[in-house]
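Participant: Model the following, please.
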Amino acid sequence: GFFLILTVLEATRRSIGHTLMIIGVLMLIYSRFGFLFPGVFWHPGFQVSMIIRHFILTDSGLWSTPLGVSSTFISMFLLFGAALHASGLAEILLKIARGIFGTMVGGPAKMAVVASSLFAMISGSSTSNVATTGIVTIPLMKKTGIPAHLAGATEAAASMGGQITPPVMGAVAFIMAEFLGVSYVVVMAAAALPAALYYSAVYSMIHFESHRIGAIGLKRSEIPPWKKDALYGSYLFLPVIVLVYMLIDGYTPMRAGFTSFVLALSLSMIKKDTRLDLKKFGGVLASAAQTLTVVAIPSAVAGFVV
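Facilitator: Below you'll find the model as predicted:
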């Protein structure tokens, strides 16, 4: 148990950074030396063996609700997001945003906001959102006169909304549903308005800032044809529609997520350039697993805090 706790803390340091690891260590110290703390934080303190036993052999420490949700709902939805990405949907969303908003004042920045909001619906992950849309939008923003620091900030702010944008959303949404004892659809519906307000606010700030600094949009000739691609790729939205329908119809998030995951994989086989072989399928699993480490390991340390 002692070495497992050490392993979790080291994994936290590698995947998230020092801050959360230090919080985990402080929680362990607090469990042992509670008698040194004043007022309401005082407690008599526990022996190291008792702390380890409690953290490892009960469901109140390492194996808490956050980690349980990570190993079930979140892992399934991350697989779904990775499958949608492999099917080419992310690329279609980026083309649509570029075609509609690219020529406006501050076009690439507005395109970043819209593309990130669309991608947020299928990823639920801020990091994968930045990695997917940022690689295109940030260079375009800088090219049209937007300062580098503002370009990076725009993409980061836009991508953060992935945590609260239905239907997939971030890890917290599943943990909320578990804690509150309500269905995922209830949390999803409650998040819809804040998500819309968040992206409206980010878009508005970008609009006014672009006018202030005189950021121009892209030329019409710099935007490749996109309408035909959007039309031909519209079938890739089907897994998202199926996911929302099944959740509203009362299916469990696991069932809805798995069905949509299989459908996304099946649709990726239609076109030759997105067709999955064993290597690409392994890439889908690896992508989901890498994102999961950033969610599951903090969930383990959250169990220490709880």
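
Participant: Could I have the CA atoms of stretch 138-154 written out in PDB?
Facilitator: Once non-C-alpha atoms are left out, stretch 138-154 reads as follows in PDB (Å, rounded to 0.1, in the frame of the first residue of the first chain):
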ATOM      1  CA  ILE A 138      -2.600  29.900 -34.000                       C
ATOM      2  CA  PRO A 139      -0.300  30.300 -37.100                       C
ATOM      3  CA  LEU A 140      -3.300  31.800 -39.100                       C
ATOM      4  CA  MET A 141      -4.000  34.300 -36.300                       C
ATOM      5  CA  LYS A 142      -0.400  35.400 -36.200                       C
ATOM      6  CA  LYS A 143      -0.400  35.700 -40.000                       C
ATOM      7  CA  THR A 144      -3.300  38.200 -39.900                       C
ATOM      8  CA  GLY A 145      -1.700  40.600 -37.400                       C
ATOM      9  CA  ILE A 146      -2.800  39.100 -34.100                       C
ATOM     10  CA  PRO A 147       0.100  39.100 -31.500                       C
ATOM     11  CA  ALA A 148       1.500  35.700 -30.600                       C
ATOM     12  CA  HIS A 149       0.400  36.000 -26.900                       C
ATOM     13  CA  LEU A 150      -3.200  36.900 -27.900                       C
ATOM     14  CA  ALA A 151      -3.300  34.000 -30.400                       C
ATOM     15  CA  GLY A 152      -2.200  31.500 -27.800                       C
ATOM     16  CA  ALA A 153      -4.600  32.900 -25.200                       C
ATOM     17  CA  THR A 154      -7.500  32.800 -27.600                       C
END
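
Participant: Check which residues of it are buried.
Facilitator: Buried residues in stretch 138-154, counted by 16 or more other CB atoms under 10 Å: 138, 140-141, 144, 146, 150-152, 154. Backbone N, C-alpha and C define where each C-beta goes, glycine included.

Participant: next one: stretch 66-80
Facilitator: Neighbour counts over stretch 66-80 (16+ other CB under 10 Å) mark 66-70, 72-80 as buried.

Participant: now stretch 299-306
Facilitator: Under 16+ other CB under 10 Å, the buried positions of stretch 299-306 are 299-304.

Participant: do the same with stretch 1-11
Facilitator: Here stretch 1-11 shows 5, 8-9, 11 as buried, counting by 16+ other CB under 10 Å.

Participant: Show me these that map onto strands.
Facilitator: Judged by DSSP state E, strands contain none of those.

Participant: Put together a markdown table for those, with pLDDT and distance to His207 on each row.
Facilitator: Output for the buried residues of stretch 1-11, formatted as a markdown table (pLDDT from 0 to 100; distance: CB to CB, whole Å):
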| residue | pLDDT | distance to His207 |
| --- | --- | --- |
| Ile5 | 93 | 49 |
| Val8 | 92 | 44 |
| Leu9 | 93 | 44 |
| Ala11 | 93 | 42 |
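
Participant: quick one: Val130 and Glu209, what's the gap?
Facilitator: Using CB to CB, to the nearest Å, Val130 is found at 19 Å from Glu209.

Participant: higher neighbour count, those two?
Facilitator: With neighbours defined as other CB atoms under 10 Å, Val130 and Glu209 compare such that Val130 has more, 22 against 16.
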